[in-house]
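In: Here's a sequence, model it:
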Amino acid sequence: MARRTSYERQRIRETYKAMYGEDLVDRLQKMLLNNYHGNHEICNALSLWLLDQHERDALMAKEAFENSETNCQALVEIYTGRKSSHLLLIKQVYQTKYRMQLDQDILNSELPHSYQKILIALATSHKSHQSEVSPHVAKCDARRLYETGEGRGGARGIEEGAILEILSKRSIQQLKLTFETYKHIYGHNYAKMLHSCIEGTTLDKTALARIMVSRAEIDMDEIQRVYKKKYAKDLRDAIRENNSTGIDCKDFFVALAGIRTP
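Out: Next comes the predicted model:
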C-alpha cells in the first residue's frame, strides 16, 4: 500500500466500496476503535494514508481537539505547512463532516493560551493575500525565531511576544518563506520530531504516523538527508530499531521513508 500513488489509493477505496458496500477508511477506523487484534497502530496509519490530504488534515485536526490534552503540535503543523487554498479545503471538509468550523473550535478549545493565540494569528495570516515576499525579511524573521526559541537553549522557553508579532504581521506567503529559510539555516523540524518519536521522548503518540504519512509525498528525501546528517543514522534503520512500533507498522513506515519525492 505504501507504494501506491494518491490516485491508486483512491481507486482502491472506490473498488472496495463497490465490492463490499463500505468505505475502506471507515472499516479501518472501526477496527481502530475496536483495537482489532491489537493492530491499532497499523490501522491508524493505513486509514490516514488512504485519505486525500485535505481529508486527512481535517481528521487530524478533529482528533487533536478530542485528545485529553489538545494536540497543539498537529494543529500548528496544519496551519504552517499548508497553502491557503489547501487550508480552505480542510475547513470545508471539517465543517461538512463535523458540523463545526475549525477556526471557531480553536477559539472555543481549551488550548494553552499561548498556543491559542499563535493559531489565531496563523489563521489571520492565511487570510492575507499579499503576493510580494521578501527574502531579506524572511531571513531576519528566521533568525529572530531561532534566537527567541531554540537558540535560547530551550530551558527558558519561547518568547511568545516575538513570535506573535511575526505571525500577525506577515502574510502566509511570507511566513512560508520564513519557515523554509529557518529550515535551511537551522535544520529540518520534521527530522527532529521524528527523532523524538523514535527515541520515545515525545508524549505525542500519534506524531510518528502523522509525520510519516503527511510528509511521504512532499519532502521525505530531504527529511532523510537531514536526519542522517543530524543523527548519523539512516531514518529507515532507526525505524527498524524502534521497539515501541509493531512489526507491521515498521514495515509500512520504512516503505514510506523510501518514497522518492519531487
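In: Tell me where the model's unsure across this protein.
Out: Scanning the chain for pLDDT under 70 picks out 35-38, 68-71, 112-114, 127-131, 149-160, 187-188, 203, 262.
In: Quick test: name the residue nearest the centre of it.
Out: residue 77 (4.6 Å; C-alpha atoms, centre = their mean).
In: Please give me every residue in contact with that one.
Out: For residue 77, the contact set (C-beta atoms under 8 Å, 6 or more residues apart in numbering) comprises 210, 214. Just so you know, the C-beta spots here come from the backbone N, C-alpha and C atoms, and that holds for glycine as well.
In: Please report how far it lies from residue 64.
Out: According to C-beta to C-beta, to the nearest Å, residue 77 and residue 64 sit 10 Å apart.
In: How about residue 72?
Out: To residue 64, residue 72 is 8 Å away according to C-beta to C-beta.
In: quick one, domains of this protein?
Out: Split into domains by automatic domain parsing, the chain comes to 1-51, 65-127, 131-186, 187-262.
In: Helix or strand: which one has the residue nearest to the centre of the chain?
Out: Using DSSP states H and E, the element containing residue 77 is helix 72-81.
In: Past that helix, which element shows up next along the chain?
Out: Helix 72-81 is succeeded, C-terminally, by helix 84-98 (DSSP H and E).
In: in the helix or strand following that next one, what's buried?
Out: For helix 84-98, the following helix or strand on the C-terminal side (DSSP H and E) is helix 102-108. Across helix 102-108, burial judged by 16 or more other C-beta atoms under 10 Å covers 102, 103, 105, 106.
In: All set, thanks.
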